[in-house]
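generate coordinates for the sequence data below:
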Amino acid sequence: MQHTLLPGKPYPLGATPSAQGTNFALYSENATAVSVCFFDEEGSEIGCVALTERTAFVWHGLVCGVGAGQRYGYRVDGPWDPDKGQWFNGAKLLVDPYAKAIAGQVDAKGPIFAYDAQSGDETKRDEQDSAAAVPKCVVVDGSFAWGDDRHPQTPIADSVIYEMHVRGFSMRNQDVPEKLRGTYAGLAHDASIAYLKKLGITAVELMPVHHFIDEGSLLDRGLRDYWGYNTLAFFAPMSRYSSSGDSGGQVSEFKSMVKRLHEEGIEVILDVVYNHTCEGNEKGPSLCMRGVDNTTYYRLDTENPRVYVDYTGTGNTVNVYNPQVLMLLMDSLRYWVKEMHVDGFRFDLASTLARELQGVNKLSAFFDTIHQDPTLAGIKLIAEPWDVGEGGYQVGNFPLLWAEWNGRYRDTVRRFWKGDDATLSDFAYRITGSSDLYQHDGRTPSASINFVTAHDGFTLCDLVSYNGKHNEANGQDNKDGSDSNDSWNMGVEGPTDDANINNLRERQMRNFLVTLMLSQGVPMLRGGDEIAQSQSGNNNVYCQDSELTWYDWQLDERRQRLLEFTSRLIQLRRDHPNLHRRNFYQDRTIRGSVERDVAWFGTDGKEVSDQAWSESWNKSIAVMFNGRTINAIDEDGKSVVDESFLIVVNAADHGVEYVLPEPPNQTPWRQVLNTEDIDNPFAEVPADDKVIVGGRTVRVYCDNGVEITAGQRLPRTL
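Residues are numbered from 1 along each chain as shown. Reported below is the predicted structural model:
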């Protein structure tokens, strides 16, 4: 097929359709020739056009007559010198780094390696055409009827985040039409929306939806990638989650999902993987950036450029230090905000993105560029503040405007409720917002994304049911996954018919949930924990796209009871600004008054002594949050006040008698929550002066000092 080629423009990068045709633009500093090739829906090549225009290392041209829906790929030629990190090979079809949609899958057994993989000789260039084994890019018309769609803009301090998997969430939901299960449309279905609304969360954090591939080693074991941390394209929504096919319909379906969630006030946060790609180390396939310009897009060993620097544990590290690669990431972020209307990002292994020449730097170009970008102003930025490189653990060290997954919170809360010694003091820091980590540089409690469980590790149900991991199904002899889980099986490994153990497990799950939702900071609930989802003790289900990981919606009495408990608990948090403050506690009298904003009490009803904090055996304490000291102003300019709360936690295996301290308002305490009461945990009853708090139990008391209207919120400002 003959195509008319015009000079076109070097920007924007990628494929941009117009009435005249489609402009193609690809950055490659070291290439000597670039062609864009076209394919029909069966995968047959129907034409190839050499891009002859080159502006500031961008190869570009407008191909007339090419429109939305056209499948394409690049062939890029240049030096073949692996010892210098140059892997150019014109026989290999490459995915556009700016592709907006991807059709088809990688054939891991096809000739997708730039070198002679059959012999293992990395110095020998493989001349086999890889087109049949490589997915194709799709030209996308980005128009969409957004109407009056707006970002909900829920303040981060008022957020309740729900980490979930698009596919796993609805795959087994009988209330969702079969065709839509496991898709963006399935998440947007009325049954899914009703569930999320009832649960009460404010945002969904979607596990990776950038288009990713299945590793050949997984396919050989009859498995495939489930989590999605194996990215091929930073702009394209994963086609596997589309009920509309892979010829561009995945883009509009994703947008429809976002629009529907926004209609219900639910934000969409994406878990994004910009730190590495699916191309692996120097022995990996040539699918995209490796073949476009390896030395530009990846960090290479300066002494041996054939080898990749690996801060991610996946074989390669994206070279964010290069301005062109930084622009790629920024263009991707802006695209997902402007064109796809998402509300925030959780950055996988974010420490890698902050690495410059001398390690992790919170003043790096990556942070500076994000902070000055008006498109990203007000967007939620959440870091996973670690990577596998030296100095990569950076909890508490990210800059202003960033929130962090608080790994210290997870570890401490797990150890406290397991009954470990000497955890009380650290537990107190975690439930009051981790001021020891975030207050020193001017951040607030909302910098701490609190979580007990996440996709990586045990589910909440498994956390109280297994002492060790059981990952045999992954085919790696149970060697994968973490051995440090801080879990406790209550005496039996896995499911049991023992009623006492099951009751204790249910109570312990409630203890974790209450701790999470009543802690200062931002709670993140792992999707499925509210219905006691089990993965049979597998703590690394990255390759388990099966009923092991999909939500089981056939709820028995216990699981239904936990769901109702979680929903009520979230509502309690959202209704009370005292439980999600904007500022850290001062732990002293406020402005010369006699009122304390927070106070800690022992079993005698008196404030805890310094010595008591250091007693390793002490596993019980009461904390009072004073609702008259919130120190915030509402939207009408009035001071925000709330009821005060007394939270009594007892991680010991026996009951403890408490003398309740005087309420700040001199009005009686009333019990509003008791995790020991399996059948009616939220029963409101007057509190006696002395109470027995059972072993492994949380009790929550509230005073009657202030009337709060259900649904009252703090000002909608960050």
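
OK, contacts around the residue nearest to D301 when sequence neighbours are not counted?
Once flanking residues are discounted, D301 sits nearest to V307: 4.4 Å by C-beta to C-beta, 6 or more residues apart in numbering. For every residue, glycine as well, the C-beta is placed using N, CA and C. V307 is in contact with 281-282, 300-301, counting by C-beta atoms under 8 Å, 6 or more residues apart in numbering.

dump the helix or strand that contains C48 to CSV, keeping only the CA atoms.
Following DSSP states H and E, one finds C48 within strand 45-51. Output in CSV follows, covering the C-alpha atoms of strand 45-51 (Å, rounded to 0.1, in the frame of the first residue of the first chain):
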residue,chain,number,x,y,z
GLU,A,45,2.0,-5.9,7.3
ILE,A,46,0.4,-3.7,4.7
GLY,A,47,2.9,-1.0,4.3
CYS,A,48,6.0,0.7,5.7
VAL,A,49,7.0,4.4,5.5
ALA,A,50,10.5,5.7,6.3
LEU,A,51,10.4,8.9,8.4
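
surely P111 and R125 touch.
No: using C-beta atoms under 8 Å, P111 makes no contact with R125, being 11.5 Å away.

who has more neighbours out of the two?
Remark: of P111 and R125, P111 carries more neighbours, 22 against 18, as counted by other C-beta atoms under 10 Å.

got the contact list for the more buried one?
91, 117, 126, 128-130, 133.

so which of the residues you listed is the most crowded?
Neighbour count (other C-beta under 10 Å) singles out S130 as the most crowded of the contacts of P111, with 25 neighbours.

leaving out the residues flanking it, which one is nearest to it?
Excluding its sequence neighbours, the residue lying closest to S130 (C-beta to C-beta, 6+ apart) is K92, at 4.6 Å.

can you show me the helices along the stretch 201-350 of the chain?
Under the criterion DSSP state H, counting those that start in this stretch, the stretch 201-350 of the chain carries helices at the ranges 216-220, 249-263, 289-297, 323-338, 350-353.

what helices or strands is the fourth one leaning on?
Spelled out, it's helix 323-338. Using 3 or more C-beta pairs under 8 Å, 6 or more residues apart in numbering; DSSP states H and E, the elements in contact with helix 323-338 are strand 231-237, strand 267-272, helix 289-297, helix 365-371.

would you mind writing the CA trace of that helix as PDB?
Taking C-alpha atoms only, helix 323-338 is exported to PDB below (Å, rounded to 0.1, in the frame of the first residue of the first chain):
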ATOM      1  CA  PRO A 323      15.500  14.900  30.400                       C
ATOM      2  CA  GLN A 324      13.800  13.200  27.500                       C
ATOM      3  CA  VAL A 325      12.800  10.200  29.600                       C
ATOM      4  CA  LEU A 326      11.600  12.500  32.300                       C
ATOM      5  CA  MET A 327       9.400  14.200  29.700                       C
ATOM      6  CA  LEU A 328       8.000  10.800  28.700                       C
ATOM      7  CA  LEU A 329       6.900  10.200  32.300                       C
ATOM      8  CA  MET A 330       5.500  13.700  32.700                       C
ATOM      9  CA  ASP A 331       3.600  13.500  29.400                       C
ATOM     10  CA  SER A 332       2.100  10.200  30.600                       C
ATOM     11  CA  LEU A 333       1.000  11.700  33.900                       C
ATOM     12  CA  ARG A 334      -0.500  14.700  32.200                       C
ATOM     13  CA  TYR A 335      -2.300  12.400  29.700                       C
ATOM     14  CA  TRP A 336      -3.900  10.300  32.400                       C
ATOM     15  CA  VAL A 337      -5.100  13.500  34.200                       C
ATOM     16  CA  LYS A 338      -6.200  15.600  31.200                       C
END
